[in-house]
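> Sharing a sequence plus its predicted fold:
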Amino acid sequence: MKEIRIHARAGQGAITTANLLGYAYFSEGKYPYAFPHFGAARMGAPMNAFVRVDVIPVRLRSQIYNPDYVLIMDATLMRGYNCFCGLRDNGIAIINGKEDIEIPRLKSSQKIFIVPANDIALATIGRPLGNTALIGAFAAATNELKLETLIKVAKDRFSGKIQEGNIEAIKKGFEYIKKIRVFPEPSEERCLGH
Amino acid sequence: MREFLEGSRAIAEIIKRVKPGVISAYPITPQTHIVEELASMVANGELNSQFINVESEHSAASVVLGASATGVRVFTATSSQGLLYMAEVIFNIAGLRLPLVMTCANRAVSAPINIWNDQQDSISLRDAGWIQLYAENNQEAVDFHLIGYRISEDKAVMLPVMVCMDGFILTHGLEPLDLPEQDKVDKFLPSYKPLYKLDPNEPLTMGILADPDYYLEARYAIQETFKDVLRILPKVADEFSAIFVRDYKDLLIEEYFTKDAEKIIVSMGSVCGTIKEVVDELRKKGKKVGLLRIISYRPFPYARVYEALKNCPKIAVLDKAVSLGAYAPLASEIKVSFSNKKKSPKVISSFVAGLGGRDITLESIREIFRKLNVKEISQDFIDLKPELLTEAYGK
């Protein structure tokens, strides 16, 4: 079983991201369960979406506390809140942000990738909605999903110009990770809890 | 065909296939997506149905009551305050013996206002005369709607069915499921032919005053019908599995490693998936534990529960609702299942968890198994934060 936790603000497309990831796993023959958890039900409020995936149907219905992967849609969420709480020792975090953002030191076995997904989205889709670029980055950083699968997902779920832009965003996100450096700092930080 | 769908969308898809003549609903979280999808299906011409917009849940329930009385198949859905606002009509629908299916996307009840999941809403209407089925996952939620119409419209039943699915956890959760194909749906569920209907050409009156000479019998008749429903549910489940190859056994309960169990948790709905995970984990360690899942809460399958639990010494009942001032609702039913019986568990402990969306984790379930010991617990709230109870206003 693999568990993905997405941190976002309501309105940033975390649910869409979880759904697209779930659909990609489903397309590869897995059994995903994608679900949201809302905080205060209003735009801009911090919220989570989750994907739990296995080779058999998922029965566990709790939220995700020890994710294999963390996706952070908005780097400002890291201010005063530990988005990496419970991340597994060999876990991978992918952050939508500029390269110079401040990131905490994680365990040496954990990896952080920073992707300017909003910039990619502006260039490809014309709006700063980094979901699909981030999904592309996720596939490259984790080797969980094939790039072709993600392109098929975009073809199934979007149409017309939006589809073209999103396919481009997925590819750009994927390629970006293949090129960049990784941040494993040899130090540990105590989990702040939540 | 297997698809990856949101629970709400899947419900809309099965309702489209049962072809209701009239749909009426008022939006309330977390039920909204279901009727939103149906409204767009009607608007797009995919579903030939009248979608009647109303100003409240009381009106939505009244519209489907009236439409059902004219002899058409109808559908509505609601949650929480919406269900409570419908309550008066809910009793009337059952009393009038009108067949219909409603989704209850389970949500906590105010106050304090809370949009998240527990089962207080449907549990609060348990005495209304509706059959209540609780789904563990979205496949079941879909199938129970189809089965619901079949049972509801059975001439030996003629009672409404409430399909209860946990709000957000199921309604907003996407998972793979099989949508029943239209030809198989038509085979399983023939078009609805009412016994009586409101028709200006052949006038009749429904819902007249029943004075003390008649009222008691009308209520008794429903109570007797519920006994028949206990026998009809397994038969319909058989017919369902013959067509759709999904076996819900008797549609009353599900037994998961109960046969040799020394500790069993009894519960309803999606949390049972989480309990199964813990059962598997503890079984691997050699602990004899199990789960009894209640599918049909109304009618309540006392005899089946007795048979499933009679040889187990320790029972924990996990409620996602309370009956303030009394034992938790499901715990009461389980305790009653053993009154005047030869065998009985030594311990039937009651646990309340998950109210207002408090997450029920693997650890919550492990704690229940740990606390299930020689000493019976009359009621324990799992994952309670005692520090919040001592906060004083203005200090």
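On my side now, so go ahead.
> When you work out contacts or count neighbours from here on, use the C-alpha atoms and nothing else.
Fine.
> Do you know the pLDDT at residue 5?
All of this is about chain A. As predicted, residue A:5 sits at a pLDDT of 98.
> my bad, chain B
As predicted, residue B:5 sits at a pLDDT of 97.
> What residues are bridge-paired with it?
Using DSSP bridges, the beta-bridge partners of residue B:5 come out as residue B:175.
> Got the domain ranges for chain B?
In terms of domains, chain B is parsed into B:2-244, B:253-388 (source: automatic domain parsing).
> Work out the gap between the first one and the centre of the chain.
Averaging C-alpha coordinates over domain B:2-244 and over its chain gives two centres that are 10 Å apart (CA atoms, centre = their mean, to the nearest Å).
> quick one, helices of the chain?
Here I'm looking at chain A. Taking DSSP state H, the helices of chain A run over residues A:14-27, A:117-124, A:131-142, A:147-157, A:160-179.
> Let me rephrase: I mean chain B.
Going by DSSP H, chain B shows helices at B:7-18, B:32-43, B:57-69, B:80-95, B:120-124, B:138-152, B:182-188, B:215-244, B:271-284, B:302-309, B:329-336, B:362-371, B:386-389.
> With distance to chain A and mean neighbour count added, can I get the ones you listed in CSV?
Conversion of the helices of chain B to CSV gives the following (distance: least, CA to the nearest CA, whole Å; neighbours: other CA atoms under 10 Å in any protein chain shown):
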stretch, distance to chain A, mean neighbour count
helix B:7-18, 10, 23
helix B:32-43, 14, 19
helix B:57-69, 22, 23
helix B:80-95, 16, 21
helix B:120-124, 19, 22
helix B:138-152, 11, 24
helix B:182-188, 23, 14
helix B:215-244, 18, 16
helix B:271-284, 4, 20
helix B:302-309, 22, 18
helix B:329-336, 20, 20
helix B:362-371, 7, 17
helix B:386-389, 16, 8
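> need the ones you listed in a markdown table with distance to residue B:290, can you?
Output for the helices of chain B, formatted as a markdown table (distance: least, CA to CA, whole Å):
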| stretch | distance to residue B:290 |
| --- | --- |
| helix B:7-18 | 27 |
| helix B:32-43 | 34 |
| helix B:57-69 | 39 |
| helix B:80-95 | 31 |
| helix B:120-124 | 24 |
| helix B:138-152 | 21 |
| helix B:182-188 | 33 |
| helix B:215-244 | 22 |
| helix B:271-284 | 6 |
| helix B:302-309 | 10 |
| helix B:329-336 | 16 |
| helix B:362-371 | 10 |
| helix B:386-389 | 30 |
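> Residue A:60 is nearest to which of the domains of chain B?
Checking those against residue A:60 by CA to CA gives domain B:253-388 as the closest, at 4.3 Å.
> Can you report how many residues neighbour whichever residue of the stretch 101-250 of chain B sits closest to chain A?
Distances between the stretch 101-250 of chain B and chain A by CA to the nearest CA are smallest at residue B:173, namely 4.4 Å. For residue B:173, the neighbour count with other CA atoms under 10 Å in any protein chain shown is 25.
> With adjacent residues omitted, what lies nearest to it?
Of all residues not flanking residue B:173 in the chain, residue A:35 sits nearest, at 4.4 Å (CA to CA, 6 or more residues apart in numbering or on different chains).
> List the contacts of the spatially closest residue to residue B:323 that is not a sequence neighbour.
Spatial nearest neighbour of residue B:323, excluding adjacent residues (CA to CA, 6+ apart): residue B:329 at 5.9 Å. By CA atoms under 8 Å, 6 or more residues apart in numbering or on different chains, residue B:329 lies in contact with B:123, B:319, B:321-323.
> How much space separates residue B:329 from residue A:119?
For residue B:329, the distance to residue A:119 equals 54 Å [CA to CA, to the nearest Å].
> ok, back up a step: so which of the helices of chain A gets nearest residue B:148?
With distances scored as CA to CA, the stretch of the helices of chain A nearest to residue B:148 is helix A:14-27 (28.9 Å).
> who are the neighbours of that closest one, in terms of helices and strands?
With contacts defined as 3 or more CA pairs under 8 Å, 6 or more residues apart in numbering or on different chains; DSSP states H and E, the packing partners of helix A:14-27 are strand A:2-9, strand A:31-37, strand A:46-54, helix A:131-142, helix A:147-157, strand B:174-178.
> Can you convert the ones you listed into CSV and add a column each for distance to residue B:66?
Listed next are the helices and strands packed on helix A:14-27 as CSV, based on distance: least, CA to CA, whole Å:
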stretch, distance to residue B:66
strand A:2-9, 43
strand A:31-37, 37
strand A:46-54, 41
helix A:131-142, 46
helix A:147-157, 39
strand B:174-178, 33
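> TSV please, covering these and showing mean neighbour count and distance to residue B:116.
Below are the helices and strands packed on helix A:14-27 laid out as TSV (neighbours: other CA atoms under 10 Å in any protein chain shown; distance: least, CA to CA, whole Å):
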stretch	mean neighbour count	distance to residue B:116
strand A:2-9	22	18
strand A:31-37	26	9
strand A:46-54	23	14
helix A:131-142	26	26
helix A:147-157	18	28
strand B:174-178	23	17
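> Can you check which of those gets nearest to residue B:47?
Using CA to CA, the nearest of the helices and strands packed on helix A:14-27 to residue B:47 is strand B:174-178, at 19.9 Å.
> tell me the average confidence for that closest one?
For strand B:174-178, the mean per-residue pLDDT is 98.
> what angle do it and helix B:7-18 make?
30 degrees (axes from the mean of the first three to the mean of the last three CA atoms, to 10 degrees).
> What mean pLDDT does stretch B:195-213 get?
Here the average pLDDT along stretch B:195-213 is 95.
> Same check on stretch A:33-43?
In this model, stretch A:33-43 has an average pLDDT of 86.
> Mind exporting the C-alpha coordinates of that stretch to PDB?
Provided in PDB are the C-alpha atoms of stretch A:33-43 (Å, rounded to 0.1, in the frame of the first residue of the first chain):
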ATOM      1  CA  TYR A  33      -9.100   5.500  -2.900                       C
ATOM      2  CA  ALA A  34      -8.900   9.300  -3.400                       C
ATOM      3  CA  PHE A  35     -10.700  11.500  -0.800                       C
ATOM      4  CA  PRO A  36     -10.600  15.000   0.600                       C
ATOM      5  CA  HIS A  37     -10.700  16.400   4.100                       C
ATOM      6  CA  PHE A  38     -11.900  20.000   4.400                       C
ATOM      7  CA  GLY A  39     -10.900  22.300   7.200                       C
ATOM      8  CA  ALA A  40     -13.000  25.400   7.400                       C
ATOM      9  CA  ALA A  41     -15.200  25.000   4.200                       C
ATOM     10  CA  ARG A  42     -14.100  28.200   2.500                       C
ATOM     11  CA  MET A  43     -11.700  29.400  -0.300                       C
END
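> got a list of contacts for it?
Residues beyond stretch A:33-43 that count as contacts (CA under 8 Å, 6+ apart) turn out to be A:9-11, A:15, A:18-19, A:22, A:45-53, A:58, A:63, B:168-169, B:172-176.
> 7 Å - rerun?
Contacting residues not belonging to stretch A:33-43 are listed as A:10-11, A:15, A:18-19, A:22, A:45-53, A:58, B:169, B:172-175 [CA atoms under 7 Å, 6 or more residues apart in numbering or on different chains].
> roughly how far is that stretch from the heart of the chain?
Offset of stretch A:33-43 from its chain centre (CA atoms, centre = their mean): 15 Å.
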